[in-house]
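Chemist: quick one: sequence plus predicted model below, questions after.
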Amino acid sequence: MLPTPIKEILTWEPGGQPCEVGGWVRTFRSNRFIHLNDGSNLAGIQVVVDFESFPAELLQSINPGACLRVRGRLEASTGKGQALEIHAEAIELMGKAESDIQAADFYPLQPKAHSLEFLREIAHLRFRTQTFGAVFRIRHAMTFAMHRFFHERGFYNIHSPILTASDAEGAGEMFRVTTLSAEQPPKTEEGAIDFSKDFFGKPAHLTVSGQLQAELAALALSKVYTFGPTFRAENSNTTRHLAEFWMIEPEVAFADLNDNMDLAEANLKYLMQYALDHCAEDLAFLNERWKKEEESKKKEERSELDLLERIQFVLKEPFARVTYEEAIRILEESPYQKKKKFQYPVQGWGTDLQSEHERYLVEKVYKRPVILTDYPKEIKAFYMRLNEDGRSVRAMDILFPGIGEMVGGSQREERLEYLQKRMAEMHIPEEELHWYLDTRRFGTVPHSGYGLGFERLLLFVTGMGNIRDVIPFPRFPKGIAF
């Protein structure tokens, strides 16, 4: 029989009723008080041990990291820090943990503070810390909330392919997938690698986006979304980049750019409210961590909002909606531009906005999330619908405080001749995307969609500073452990 989750036991009224829990030891104080956690909540529970009732050999084996199964009675606690505690009647040591620092298999998560850099090196164990327990419970909650949001609105979840033969999306460098020998691949008469001998008969890659496939489904099912892993082989060793990450990409038939902005704003606000309603304990813990992190920064680098206030910031008001052209004017006239505080100066129409520009608009100018629209066509993808001015496209990015771009999307170009012209301008061969063009030939309709990077969302909700700390096993340049 499975033990009862600690989270559930903590909802019971104390009165000596029997209970059974299983979990991992965080601390064992005075040979009497075991702090046990099973991952179901942040706090865990205190187990009180009458040391005279248990063998000394057993008690000596109860070290941090050890796994126990405990049967006992639930009682009101007379100590500080908890309302309930378990008075142990039987303890089974399920798995030992070496505590001798001289031992080769010494358990590294001792009851002391550990740096996030150190914990990344032991990602197989960092789940057991309070910080990462909180982060990954929130990750689960946000996953569930995302699916619920779309389900409630009549969307269908589409599993887009992870393997793709097309590198025409233009979303970034791609990982190649092959069964050919790395040492002696077959060659053509010209000396090039002969991919006709490969598994698929042509070059294949890991996908950078499920969007194009989602569009195909939306033009039959009307409202769909993908939620899956995507991959980019860019050599970006920063706190904001991963080689493997998760994307949510809805596509909606009959939707224009305004419909798209409405959906994305509703999506983000739904997730923020869900986090506040269902992750209160974990968010409160991470908020205290956030405050300590901010105190260690220089005064001018500190956030004006704490973590909970930042989440409320998204909910308070409608997002500002601003054209790219207006944003460029504001940035050019800003004190930051004039005093050369921007690392990347704004250089008029066509400037590819950086995170510092996006954050300035959100945090200094509008003081709420901002949706930027109608970008120059030259800095956006081929599939975005051309505006009547001939120089901008019906694109939109949603900008958040502390993050910059959270969502990127557009109304898609449904007009075949315009799409073909843009593909020619960007040197994208039509034969590679003949199936995509067919949707413009056979019953086309205006449609829109966006991409939401799940790890960026989690960075915002949890307040973690490095994207490698919101995904269980991060993949990055020279990093593929675990």
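Modeler: Looks like it arrived, so ask away. Numbering: from 1, shown residues only.

Chemist: who's in contact with the strand or helix carrying Gly228?
Modeler: Following DSSP states H and E, one finds Gly228 within strand 223-231. For strand 223-231, contacts defined as CB atoms under 8 Å, 6 or more residues apart in numbering pick out 143, 146-147, 150, 153-160, 162, 174-175, 206-211, 213-214, 217-218, 243-253, 454. C-beta coordinates here come from the backbone N, C-alpha and C atoms, glycine included.

Chemist: can you list the strands that that strand pairs with?
Modeler: strand 156-157 (parallel), strand 244-253 (antiparallel) (DSSP bridges).

Chemist: still on that earlier bit, which among the contacts of strand 223-231 end up buried?
Modeler: 146, 150, 155, 158, 160, 174, 206-211, 213-214, 217-218, 243-253, 454 (16 or more other CB atoms under 10 Å).

Chemist: what ranges do the strands span in the stretch 301-450 of the chain?
Modeler: Per DSSP state E, counting those that start in this stretch, the stretch 301-450 of the chain carries strands over the ranges 320-323, 370-376, 392-400, 404-411, 447-453.

Chemist: in JSON lines, list those along with mean neighbour count.
Modeler: As requested, the strands of the stretch 301-450 of the chain are exported to JSON lines (neighbours: other CB atoms under 10 Å):
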{"stretch": "strand 320-323", "mean neighbour count": "16"}
{"stretch": "strand 370-376", "mean neighbour count": "22"}
{"stretch": "strand 392-400", "mean neighbour count": "25"}
{"stretch": "strand 404-411", "mean neighbour count": "22"}
{"stretch": "strand 447-453", "mean neighbour count": "24"}
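
Chemist: endpoint to endpoint, stretch 460-470 covers what distance?
Modeler: With CA to CA, to the nearest Å applied, stretch 460-470 spans 10 Å between its terminal residues.

Chemist: just send the strands of the stretch 301-450 of the chain back as CSV, with distance to Leu36 and mean pLDDT too.
Modeler: CSV is the format used below for the strands of the stretch 301-450 of the chain (distance: least, CB to CB, whole Å; pLDDT from 0 to 100):
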stretch, distance to Leu36, mean pLDDT
strand 320-323, 48, 98
strand 370-376, 46, 98
strand 392-400, 38, 98
strand 404-411, 38, 96
strand 447-453, 36, 98
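
Chemist: make CSV out of those strands and add distance to Asp282.
Modeler: As requested, the strands of the stretch 301-450 of the chain are exported to CSV (distance: least, CB to CB, whole Å):
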stretch, distance to Asp282
strand 320-323, 30
strand 370-376, 28
strand 392-400, 20
strand 404-411, 21
strand 447-453, 21
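
Chemist: how about the ones you listed, which one is nearest Lys339?
Modeler: strand 404-411 (20.9 Å; CB to CB).

Chemist: now that closest one: how far from the chain's centre is it?
Modeler: 15 Å (CA atoms, centre = their mean, to the nearest Å).

Chemist: kindly check the end-to-end length of stretch 340-357 for me.
Modeler: Using CA to CA, the end-to-end distance of stretch 340-357 comes to 12 Å.

Chemist: in that stretch, what's buried?
Modeler: Per 16+ other CB under 10 Å, stretch 340-357 contains these buried residues: Phe342, Val346, Thr351, Leu353, His357.

Chemist: can you verify my assumption that the second one contacts Lys338?
Modeler: No - applying CB atoms under 8 Å as the test, Val346 and Lys338 come out as separate, 10.6 Å apart.
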